[in-house]
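Chemist: my questions are about this predicted structure, shown below with the sequence.
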Amino acid sequence: MSRHPTPGLIVSAPSSGAGKTTVMLGLLRCLAEDGVAVQPYKCGPDYIDPAFHRAACGRESFNLDTWAMAPGLLAAQLARGGEMALAEGSMGLFDGVATKGEIGTGASADLAALTGWPVVVVLDVSGQAQTAAALATGMAGFRTDVHVAGVILNRVASPRHERLCRLGMESVGLKVFGALPRRGDLALPERHLGLVQAVEHPDLEAAVARYATFLRAHVDLPALRAVASGGLPPQAQTLPRPPAQRIALAQDAAFSFIYPHLASAWRAQGAEVLPFSPLADEAPPEADLCWLPGGYPELHAGKIAAASRFMTGLLRFAETRPVHGECGGYMVLGETLTDAKGVQHRMSGLLGLETSYAARRMHLGYRTARLLSPLPGHPAGARLRGHEFHYSTILSQPDAPLALVTDADGAEVQETGSHRGHVSGTFFHLIGEAT
């Protein structure tokens with residue numbers, strides 16, 4: 001861990017869909033090709049984008065979350081080192097929850113204020129010209145503790161369109177770092193929880209290479225590097241404690257949604273993380289704990305149900321040792337999972353949970369949990385912070401509740417998780433302990 005502040009930039013936008021990810025991946029690849037040790041980050045609770053960041057620059061990407069991460073945990077992520085940090089924002093620059101959490105509201109702007117990292121705004125200028133400057137001006141002046149260094153114009157229709165947009169920015173004194181022509185062939189495929197996972201992308205390396213070539217041709221990279229600044233001064237750091245010494249961790253296209261800082265912290269403190277693939281019909285390896293992260297089990301429910309070695313090994317493991325599942329992993333620990341076509345699939349039956357995707361309903365938001373029963377690594381009574389994002393409906397949740405769970409504003413939610421014997425599960429993905 002670095003003991004020196006790392007200068008950085010935050011790539012943000014007025015809203016989702018403006019092109020942040022394309023710009024982020026292109027910049028990461030360009031900087032890496034230029035020999036810069038760039039440390040990528042993702043603002044907020046996203047477990048898909050960090051894998052794309054790693055593919056783009058070769059360094060592990062970590063989440064930075066001012067709502068869910070206590071100061072010591074956030075400080076540990078900011079001390080990852082590198083010559084320069086590049087953080088991808090979430091949603092719009094100022095979008096967060098209404099009630100402050102550990103440090104802030106989860107908005108990218110809160111991270112910018114905390115670190116002093118300047119913000120580069122990606123503006124989708126489709127259907128406008130000089131008016132884009134009014135939007136950018138409003139963003140630049142909305143908070144005095146957030147420094148907007150300039151903009152990258154995206155989806156520019158023509159040289160004339162670019163000239164008009166640049167004139168608007170010049171009139172309000174905002175720097176234009178580049179203008180990206182409209183390109184329909186550079187979009188990443190998406191799914192209901194965001195992007196299709198990096199491991200599932202048909203040709204991710206070629207896609208990232210195209211983004212880098214595109215950015216080099218249209219963005220002033222030296223100017224962007226020159227405005228990187230800020231960085232959190234050295235502070236006391238706290239890492240999440242490993243929940244066991246040897247952890248069998250499910251890892252494949254159906255089980256991949258675990259925040260990178262957790263597995264990294266477990267390894268850093270001497271725990272052995274042993275990956276295995278339920279989709280490849282692998283049983284959990286010999287370990288002290290089996291952890292099933294979330295992911296997309298609903299897309300592979302038939303294959304999971306038919307994975308006899310995995311299921312038999314999981315049942316045997318749970319006879320004597322703890323097993324924990326998050327969201328999709330929790331569903332696999334239940335009795336049944338009904339897919340989007342209405343087909344019911346038998347799961348492990350270690351818990352009585354029954355879930356369905358036939359009637360989709362979005363569950364999204366930060367969560368605070370006060371444990372009513374121990375969870376691996378955390379005693380009863382502990383308060384945890386996490387995030388929930390899925391489209392499944394609970395048909396039955398008969399086992400004892402694991403926790404009292406509330407949303408970001410303190411309102412109780414029905415997704416309490418549950419436990420039976422050595423087995424526990426939650427719908428929220430753990431981020432860290434609450435202070």
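Modeler: On my side now, so go ahead.

Chemist: neighbours around residue 15, how many?
Modeler: Burial of residue 15, expressed as a neighbour count using other Cβ atoms under 10 Å, amounts to 11. Backbone N, C-alpha and C define where each C-beta goes, glycine included.

Chemist: next: residue 49.
Modeler: 24.

Chemist: residue 318 contacts residue 421, doesn't it?
Modeler: Yes - if you go by Cβ atoms under 8 Å, residue 318 and residue 421 touch, sitting 6.9 Å apart.

Chemist: any residues in contact with both of those two?
Modeler: Shared contacts of residue 318 and residue 421 (Cβ atoms under 8 Å, 6 or more residues apart in numbering): residue 350.

Chemist: ok, these two, which is more surrounded?
Modeler: Ranked by neighbour count (other Cβ under 10 Å), residue 318 and residue 421 place residue 318 first, with 20 against 13.

Chemist: residues touching that one, list them.
Modeler: Counting by Cβ under 8 Å, 6+ apart, residue 318 has contacts 290, 350, 421, 422, 423.

Chemist: equivalent analysis for residue 336, please.
Modeler: Shown in contact with residue 336 (Cβ under 8 Å, 6+ apart): 344, 345, 346, 347, 354, 355, 395.

Chemist: can I take it that the second one is in a strand?
Modeler: Yes - following the definition DSSP: H, G, I helix; E, B strand; the rest coil, residue 345 is counted among the residues of a strand.

Chemist: distance of it from residue 277?
Modeler: Residue 345 sits at a distance of 18 Å from residue 277 (criterion: Cβ to Cβ, to the nearest Å).

Chemist: looking at those two, which has the bigger crowd around it?
Modeler: Neighbour count, other Cβ under 10 Å: between residue 345 and residue 277, residue 345 has more, with 19 against 15.

Chemist: OK, contacts around that one?
Modeler: So residue 345 contacts 301, 302, 304, 305, 336, 337, 338, 339 (Cβ under 8 Å, 6+ apart).

Chemist: thought the last one was touching residue 359?
Modeler: No - taking Cβ under 8 Å as the definition, residue 339 is not a contact partner of residue 359, at 11.8 Å.

Chemist: ok, those two, which is more surrounded?
Modeler: Between residue 339 and residue 359, counted using other Cβ under 10 Å, the more crowded position is residue 339 (17 against 12).

Chemist: and that one, how far from residue 144?
Modeler: Residue 339 is 50 Å from residue 144, by Cβ to Cβ.

Chemist: helix, strand or coil: sort out residue 163 for me.
Modeler: Following three-state DSSP, the label given to residue 163 is helix.

Chemist: can you give the domain ranges for the chain?
Modeler: Using automatic domain parsing, the domain parsing of the chain gives 8-227, 246-433.

Chemist: turn these into CSV, columns for distance to residue 233 and mean pLDDT.
Modeler: Listed next are the domains of the chain as CSV, based on distance: least, Cβ to Cβ, whole Å; pLDDT from 0 to 100:
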stretch, distance to residue 233, mean pLDDT
domain 8-227, 9, 94
domain 246-433, 20, 97
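
Chemist: minimum distance to residue 235: which of these has it?
Modeler: domain 8-227 (4.2 Å; Cβ to Cβ).

Chemist: what is the end-to-end distance of that closest one?
Modeler: Distance between the two ends of domain 8-227: 8 Å, counting by Cα to Cα, to the nearest Å.

Chemist: returning to what we had before: farthest pair within the contacts of residue 318?
Modeler: Using Cβ to Cβ, the two most remote members of the contacts of residue 318 are 290 and 421, lying 13.2 Å apart.

Chemist: what's the closest of the contacts of residue 336 to residue 223?
Modeler: Set against residue 223, the nearest of the contacts of residue 336 by Cβ to Cβ is residue 355 (49.9 Å).

Chemist: spatially nearest residue to the closest one (excluding sequence neighbours)?
Modeler: The shortest distance from residue 355 to any non-neighbouring residue, by Cβ to Cβ, 6 or more residues apart in numbering, is to residue 392 (4.4 Å).

Chemist: what's the answer for residue 297, then?
Modeler: Residue 297's closest residue in space is residue 328 (Cβ to Cβ, 6+ apart), at 4.3 Å.

Chemist: surely residue 177 is in a strand?
Modeler: Yes - counting by three-state DSSP, residue 177 is part of a strand.

Chemist: on that earlier part again, what subset of the contacts of residue 318 is buried?
Modeler: 290, 350, 422, 423 (16 or more other Cβ atoms under 10 Å).

Chemist: the last one reaches residue 350, doesn't it?
Modeler: Think residue 423. Yes - applying Cβ under 8 Å as the test, residue 423 and residue 350 come out as touching, 4.5 Å apart.

Chemist: what do those two both touch?
Modeler: In contact with both residue 423 and residue 350: 318, 323, 333, using Cβ under 8 Å, 6+ apart.

Chemist: burial measure for the last one, as a count.
Modeler: Right, residue 333. 26.

Chemist: residue contacts, it?
Modeler: Per Cβ under 8 Å, 6+ apart, neighbours of residue 333: 292, 323, 325, 347, 348, 350, 351, 353, 423, 425.

Chemist: end-to-end on stretch 300-308?
Modeler: 14 Å.
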